[in-house]
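> no sequence for this one, just the structure:
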């Protein structure tokens, strides 16, 4: 095994059980890098860029995967364009995300994945 293969193997082994990179991580890294380009202007900008880059690296190396997924989901929901005429619910049994029309009052929803029925107010 040559040197570079060995480094790649050790890096993959180190990252087992860790969260890795996601959309929020990419956003943090790009924002930190762009701010670091302007770090000569002020020490405050330099400190902020280091904090953002540090938080991005912390997220990548974190073993608290559910929390990191929740953070990423929250930020991606802020940036994504959801259809305004729908509400989204999760099935209480299988956690399947279900889209239902807004403004229909109390409706009975049948999960398409597991068939569980539940009522929600839209």
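Received, thanks. Just so it is clear, the model here is predicted, and its values are computed rather than measured.
> these two touch, right, residue 94 and residue 115?
No - assessed by Cβ atoms under 8 Å, residue 94 is found out of contact with residue 115, at 9.5 Å. C-betas here are computed from N, CA, C, even on glycine.
> contacting residues for the residue nearest the centre of the chain?
A centroid search over the chain (Cα atoms, centre = their mean) returns residue 72, at 1.7 Å, as the residue closest to the centre. Contact analysis of residue 72 by Cβ atoms under 8 Å, 6 or more residues apart in numbering lists 22, 23, 24, 25.
> backbone phi and psi for it, please?
Backbone geometry at residue 72, expressed as degrees, to the nearest 10, gives phi -60, psi -40.
> ok, now residue 108?
Per-residue torsions, residue 108: phi -100, psi 130 (degrees, to the nearest 10).
> same question, the one 3 residues further on
The main-chain torsion angles of residue 111 are listed as degrees, to the nearest 10 and equal phi -70, psi 130.
> can you pull the pLDDT of the residue lying closest to it once chain neighbours are set aside?
Nearest residue to residue 111, sequence neighbours excluded (Cβ to Cβ, 6 or more residues apart in numbering): residue 91, at 4.0 Å. With respect to pLDDT, residue 91 scores 92.
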